[in-house]
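*Asks:* would you be able to build a 3D model of this:
(4 chains)
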4 protein chains.
Amino acid sequence: MKALVYHGPGQKAWEDVPMPQIIDDTDAIIRVDATTICGTDLHILKGDVPTVKPGTILGHEAVGTITELGSAVTTLAVGDRVLVSCISSCGRCSYCREGHYGQCTGGGGWIFGHLIDGLQAEFARVPFAETSVYKIPEELTDEQVLFLADILPTAYEVGVLNGKVEPGDTIAVVGAGPIGLATIMTARLRTPAKIIAIDLDDSRLARALDFGADVVINNGAEDAIARVLELTDGRGVDTAIEAVGVPQTFELCTELIRAGGRVANVGVHGCSVTLQLEKLWIRNVMIKTGLVDTFTTPRLLQLIEAGRLDPTLFVTHRFQLEDTMEAYDVFADAAKTQALKVMLSALPVEPVQPTAETPAVAGV
Amino acid sequence: MKALVYHGPGQKAWEDVPMPQIIDDTDAIIRVDATTICGTDLHILKGDVPTVKPGTILGHEAVGTITELGSAVTTLAVGDRVLVSCISSCGRCSYCREGHYGQCTGGGGWIFGHLIDGLQAEFARVPFAETSVYKIPEELTDEQVLFLADILPTAYEVGVLNGKVEPGDTIAVVGAGPIGLATIMTARLRTPAKIIAIDLDDSRLARALDFGADVVINNGAEDAIARVLELTDGRGVDTAIEAVGVPQTFELCTELIRAGGRVANVGVHGCSVTLQLEKLWIRNVMIKTGLVDTFTTPRLLQLIEAGRLDPTLFVTHRFQLEDTMEAYDVFADAAKTQALKVMLSALPVEPVQPTAETPAVAGV
Amino acid sequence: MKALVYHGPGQKAWEDVPMPQIIDDTDAIIRVDATTICGTDLHILKGDVPTVKPGTILGHEAVGTITELGSAVTTLAVGDRVLVSCISSCGRCSYCREGHYGQCTGGGGWIFGHLIDGLQAEFARVPFAETSVYKIPEELTDEQVLFLADILPTAYEVGVLNGKVEPGDTIAVVGAGPIGLATIMTARLRTPAKIIAIDLDDSRLARALDFGADVVINNGAEDAIARVLELTDGRGVDTAIEAVGVPQTFELCTELIRAGGRVANVGVHGCSVTLQLEKLWIRNVMIKTGLVDTFTTPRLLQLIEAGRLDPTLFVTHRFQLEDTMEAYDVFADAAKTQALKVMLSALPVEPVQPTAETPAVAGV
Amino acid sequence: MKALVYHGPGQKAWEDVPMPQIIDDTDAIIRVDATTICGTDLHILKGDVPTVKPGTILGHEAVGTITELGSAVTTLAVGDRVLVSCISSCGRCSYCREGHYGQCTGGGGWIFGHLIDGLQAEFARVPFAETSVYKIPEELTDEQVLFLADILPTAYEVGVLNGKVEPGDTIAVVGAGPIGLATIMTARLRTPAKIIAIDLDDSRLARALDFGADVVINNGAEDAIARVLELTDGRGVDTAIEAVGVPQTFELCTELIRAGGRVANVGVHGCSVTLQLEKLWIRNVMIKTGLVDTFTTPRLLQLIEAGRLDPTLFVTHRFQLEDTMEAYDVFADAAKTQALKVMLSALPVEPVQPTAETPAVAGV
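*Replies:* Predicted structure coming up:
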């Protein structure tokens, strides 16, 4: 079969690899129907994630169909259409038993395209299948559910829930890339009174308005702290959500919140930040970090089924799975291509038509 | 001045009464700009609430303007436009200190039109003014905020929050009168995947759809339990909210919920109910009752200001304050008049025009 | 091997049965080192639990040693000493994934001595072994951990945690049998200011004092409601925990609590109760029922290991496993024998010496 | 009357000052029966808190007797014996309405000995008396309740509750000065399985054992991180509580916790700290800061009344109020005097007798 293989920093290829095999009794093999590329994959390709060994197939998000099952799997069947999540759960360790699958100590956590072969491939081996995949209702398309594999539960759990967003709150989302937009989209499930999006790029901020922001601030052009204080009667926001991953944006978040406010960190950070405890010690602030656990995946799936959440808004470009290399080029050059998320499908696809909501460059 | 005075069961009059006076240093006097009638007022007139003494002015919901203040009031000013809430808070007792104003043991709680003179009057004395009224932003109309005085926080706190409604849940609201509709409206702030409204009256159920229900069940015509199980894959709803106040509807709620589900009781009950503990003891159910505390009033106000909540949908009829007697007739005959909430305004009003959303009989 | 087999109402025998076999890949076989008898076993023998079929081995609490494992089990080893809990967890259904193992819909829940053969036997088959047993630290005795199989997590989760007991609260525990005593013992982990035990039997109330109650009320001899109001300045308790299972005690609980108080039901109920909603609707009460989930078992185990919890106080009688029939007689006649919990051990035992804390009739 | 007046950095005097007067209708005047000195007072004297103006009476902790009341005060009476808390609450602002009195925006918060005259005086004016003092049960001594004015609710709320300490947890308390010891004492109300105290001073660590620590680590002598990992099977603690206020101890806390763990900051910080987000972003950590709100004061009072909490353990030295200058010397030289908290009493006092629990240098 074919797969996208990492060959060390800056090197990847869509190439022949052996078919995956059942190793443990709790494994499944799936045929990949749809997959996508994550910003993390670009980090890996830059060499930022040394735990990924050359030779690893990349990708940690997929919709697939089960083709084979280990002997201990009794609640899934060959032919089941499933979402394969970025987080695997052994189901037995103390973290998994408490719903914190992202911190699994039994062999799960983030393993696809990281510690084991991933999902940008025609087929894939899925460990701990019964506790790591979700059956998909027949009436939902691949596009409707694919982003449940990572970006939506990450934004909702690590941003919105960790940030304790409640109806009537005023919140700031710092960073309007795909994860920031997903944060805005899922924050609306809890009906804040006001969502303020902050970014350095006006075209991203325009997207933020499409996704549900009420106010946008370009903090290259204006003083975000001053503006937020003005918008909140001098009080600050209830919750600030960091969706970039650099010190400046994190530190900005700690300055945007009111006394008693919360900072939820979604960004992936590569270096330390400064925490101004000399100001913050007295202000009852809460700071929360996290890797997604995906415990909200079933709820988010129900909201998609009910028509209350529409993740297809993320799809700016569609490709055949065999054109994964080209998809990487488009996704990596987002500043120019305006790519948010790309769909890679095993079946023939039609190009996305640009719409008011997705004013992006069309796909292949 | 004029006021609507209760003269014992079945007896009321719009008549001359003395102007209210400041009694305690923490009082305010307000001119009533708008008020409304509550189902509870009808119960009082039937004689169901013996703690209301003949001679009491009725009414516990108002928007008003402050005309006089006690000497200890420093955070309000004459001329301030305020919401006067159905719940007064002494601000000092242990319940008030914890935000449970409805259970105030310091002289507050539900007192207007109950233990002291109420708000269906040209002027009113407001005890504990600083901890019992809310300043209203200039740009909001009386109609936009009046229902914050009771029905909206009651529905949201006692129904939605007590019922722990979370995004993705499936919930049932039993009873589609005004309080049931307010429950549906405020439940949407937490984005359940599905809201099922249950009532015996098809015209009420049609309203429920207008207010945001996804499915309606007439439990006179069909088996509500069977239908709910069918809608939930045999599981039952996550939360059932009782918005009627009779044993049958409460007991129905306990049968609609899944294992681990919640029943939130909003209805005012006049007799005991049967709790089938022989079934429920093993099912991890939670039952919660409550009088509103109104601690969410500021949040709901912010949502109205932000355009995320539109309570004007409740207004089916508008009257001059001097026509309060006529307004009672219309409100009491809701089956015929389709009245939900009536606006009583001190200033000249225009009749409501029937719309698709408020397909009710027009006002005066 | 030998086991205690149920042969229909009133009939049981310690008799030869076939050795248990591995059926599913996720099974374990254990040798029973210690087991005990639960009040529920007596109910089964009265015929109160018709879902138990004649021919079933009884018992749902054990400490054992693994003798054989299914092929999918990788985190346990033959020779491991484990606690076998009254609740089995499939680990995969939505309830198990959220930690609500008691409501497992995947074949677990309360199954031992109920739907499958139980643990009052020399050996037993344990389904879903990896998600249903707990390894025991070497330094702890069977007696120290056996009651983690049921009574301690039941009391703590269904009574104390569901009742939201917080430091400084005043609580009432209605019923001072073994489960009531376990509630008192585990409530102390959250340091209420005052624990009031209520029962009809003075000798049980004396035990309640031994287990940590501060005040005892014999509600056959005095008016429990009046006394509780007196003890709480007319307010009522913060939490009342029902540990009997009859309508009178449940209804008493709803009358003992303050406005805003909680009732946690631990008792197993065979008939409906009356809920005085005409009084309770306005008082912000919370009522919670539940079957144990056992999610706190690891925490309670750590507390035993740390010496902060001493369940050996429950052991009033010790028997050899082969004397299970005699143990049933002693346990069933608790009014005379003062039995709380009996230890049934596969290894030779010494009789318990009566002490100040366990002023009970000594064992065999 | 006499009072301890701050005259700028390094300068203070016990001197004649005018008697305090009622200013607002909500004020009380109290006669100070007992007061104490806080580490914060030493900071003020060093000039670290420039918001304290020369001429201010210091002190923010007292037990007193009401001698005069403003006209709006109805729930207190002259002669009432009350605890005067370090936090005043206006009772009306949004923070006070939600129980966050420490963040009061209506003129309260920490004001005594800071923005207004304090409590190290013979008499004091107490603003917002009804929402800022607590009546004391007759049977409790000044010594039993005085530390409720600051150190106990600070430790419990900002350390233990913010740190979400639950029965069975393993926690680390970094810093074994008075506030660290109060954290250990109040943590025990929630029965952690293990409390690890960390400090650089062996005599403080000896005290930590007296106050309830299970293990002590001198992190000058050994590697605290390595030792904590060893004590927790390589996992880290559930909660680390910072009770010092310097970067090293805060940063240590972030390294001691397990994935999913909590850091609660109690220390007062004068400079920024480094947060290693490159490690922490993926570990689901929660960091919480806070000024005390004192919302738990009534609960802690009930625990003292019930004999479940004994704060007299803190008293190492007793003085007459008129000897306040001498008390400052003893308190400031804690390294030599072993002072924890000093009692300053208006009435004649007897010296503390050294005991096993208070192995300190005796008082005057």
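
*Asks:* helices of the stretch 151-300 of chain A, residue ranges please.
*Replies:* In the stretch 151-300 of chain A, the helices defined using DSSP state H, counting those that start in this stretch lie at A:151-153, A:178-187, A:202-211, A:224-231, A:247-256, A:277-280, A:297-305.

*Asks:* which of those sits closest to B:Ser85?
*Replies:* Of all the helices of the stretch 151-300 of chain A, helix A:224-231 sits nearest to B:Ser85, with 26.9 Å by CB to CB. C-beta here means a position set from N, CA and C on the backbone, and glycine is covered the same way.

*Asks:* state which one residue of the stretch 1-150 of chain A is found closest to chain C.
*Replies:* Nearest residue of the stretch 1-150 of chain A to chain C (CB to the nearest CB) works out as A:Ala72 at 3.5 Å.

*Asks:* just confirm that residue is within a helix.
*Replies:* No: using DSSP: H, G, I helix; E, B strand; the rest coil, the secondary structure at A:Ala72 is coil, not a helix.

*Asks:* OK, contacts around it?
*Replies:* A:Asp25, A:Thr26, C:Asp24, C:Asp25, C:Thr26, C:Gly70, C:Ser71, C:Ala72 (CB atoms under 8 Å, 6 or more residues apart in numbering or on different chains).

*Asks:* pick out the most distant pair among those residues.
*Replies:* The farthest-apart pair in the contacts of A:Ala72, when distances are taken by CB to CB, is A:Thr26 and C:Asp24, at 12.5 Å.

*Asks:* quick one, which of those two is more surrounded?
*Replies:* A count of neighbours by other CB atoms under 10 Å in any protein chain shown puts A:Thr26 above the other of A:Thr26 and C:Asp24, at 25 against 16.

*Asks:* distance-wise, check the more buried one relative to A:Ala129.
*Replies:* Separation of A:Thr26 from A:Ala129 (CB to CB, to the nearest Å) stands at 6 Å.

*Asks:* where do the contact lists of those two overlap?
*Replies:* A:Gly70, A:Val73.

*Asks:* show me which positions of stretch A:178-198 end up buried.
*Replies:* Buried residues in stretch A:178-198, counting neighbours by 16 or more other CB atoms under 10 Å in any protein chain shown, are found at A:178-198.

*Asks:* actually stretch A:241-259, not the one I wrote
*Replies:* Under the neighbour-count rule (16+ other CB under 10 Å), stretch A:241-259 has A:241-247, A:249-259 buried.

*Asks:* that stretch near chain D anywhere?
*Replies:* Yes: against chain D, stretch A:241-259 shows contacts by CB under 8 Å from any CB of the partner chain at A:Gly245, A:Pro247, A:Phe250, A:Ala259.

*Asks:* can you narrow these down to the ones near chain C?
*Replies:* Checked against chain C using CB under 8 Å from any CB, these give no members in range.

*Asks:* and of those, the nearest to chain C?
*Replies:* A:Ala259 (24.8 Å).

*Asks:* just to revisit the earlier point, present the helices of the stretch 151-300 of chain A as TSV; the columns should include distance to D:Gly99 and mean pLDDT.
*Replies:* Converted to TSV, the helices of the stretch 151-300 of chain A look like this (distance: least, CB to CB, whole Å; pLDDT from 0 to 100):
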stretch	distance to D:Gly99	mean pLDDT
helix A:151-153	32	98
helix A:178-187	25	98
helix A:202-211	34	97
helix A:224-231	25	98
helix A:247-256	23	98
helix A:277-280	20	96
helix A:297-305	30	98
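
*Asks:* among these, which comes closest to chain B?
*Replies:* helix A:297-305 (3.1 Å).

*Asks:* what's that closest one in contact with?
*Replies:* By CB under 8 Å, 6+ apart, helix A:297-305 touches A:83, A:85, A:134, A:136-137, A:139-140, A:144-145, A:148, A:152-153, A:156, A:186, A:189, A:309-311, B:166-170, B:191, B:193, C:94.

*Asks:* tell me the helix or strand right after that helix.
*Replies:* Going down the chain from helix A:297-305, the next helix or strand is strand A:315-320, by DSSP states H and E.

*Asks:* neighbouring strands for that next one, and are they parallel or not?
*Replies:* When pairing is defined by DSSP bridges, strand A:315-320 lines up against strand A:341-345 (parallel).

*Asks:* relative to helix A:178-187, how tilted is the partner strand?
*Replies:* Using axes from the mean of the first three to the mean of the last three CA atoms, to 10 degrees, the inter-axis angle of strand A:341-345 relative to helix A:178-187 is 90 degrees.

*Asks:* what about A:His43, how many neighbours?
*Replies:* If you count neighbours by other CB under 10 Å, A:His43 ends up with 15.

*Asks:* is it in a helix, a strand, or coil?
*Replies:* For A:His43, the assignment made with three-state DSSP gives helix.

*Asks:* look at it and report its pLDDT.
*Replies:* Note for A:His43: predicted pLDDT of 93.

*Asks:* so who does the closest residue to it other than its chain neighbours touch?
*Replies:* Spatial nearest neighbour of A:His43, excluding adjacent residues (CB to CB, 6 or more residues apart in numbering or on different chains): A:Val49 at 5.8 Å. Counting by CB under 8 Å, 6+ apart, A:Val49 touches A:Thr40, A:His43, A:His114.

*Asks:* just A:Leu181 next, same as before
*Replies:* By CB under 8 Å, 6+ apart, the contact set of A:Leu181 is A:Arg207, A:Ala208, A:Phe211, A:Phe314, A:Leu340.

*Asks:* can the residues you listed go into JSON lines with extra columns for distance to chain C and neighbour count?
*Replies:* Compiled in JSON lines, those are given as follows (distance: CB to the nearest CB, whole Å; neighbours: other CB atoms under 10 Å in any protein chain shown):
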{"residue": "A:Arg207", "distance to chain C": "34", "neighbour count": "28"}
{"residue": "A:Ala208", "distance to chain C": "33", "neighbour count": "28"}
{"residue": "A:Phe211", "distance to chain C": "29", "neighbour count": "23"}
{"residue": "A:Phe314", "distance to chain C": "26", "neighbour count": "23"}
{"residue": "A:Leu340", "distance to chain C": "30", "neighbour count": "23"}
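
*Asks:* farthest-separated two in those residues?
*Replies:* For these, and using CB to CB, no pair is farther apart than A:Ala208 and A:Phe314, which are 13.1 Å apart.

*Asks:* before we move on, the earlier item: just the contacts of A:Leu181 now: which is nearest C:Glu61?
*Replies:* Looking across the contacts of A:Leu181 and measuring by CB to CB, the closest to C:Glu61 is A:Phe314, at 51.3 Å.

*Asks:* hmm, that closest one is touching A:Ala339, no?
*Replies:* No: using CB atoms under 8 Å, A:Phe314 is not in contact with A:Ala339; the gap is 9.9 Å.
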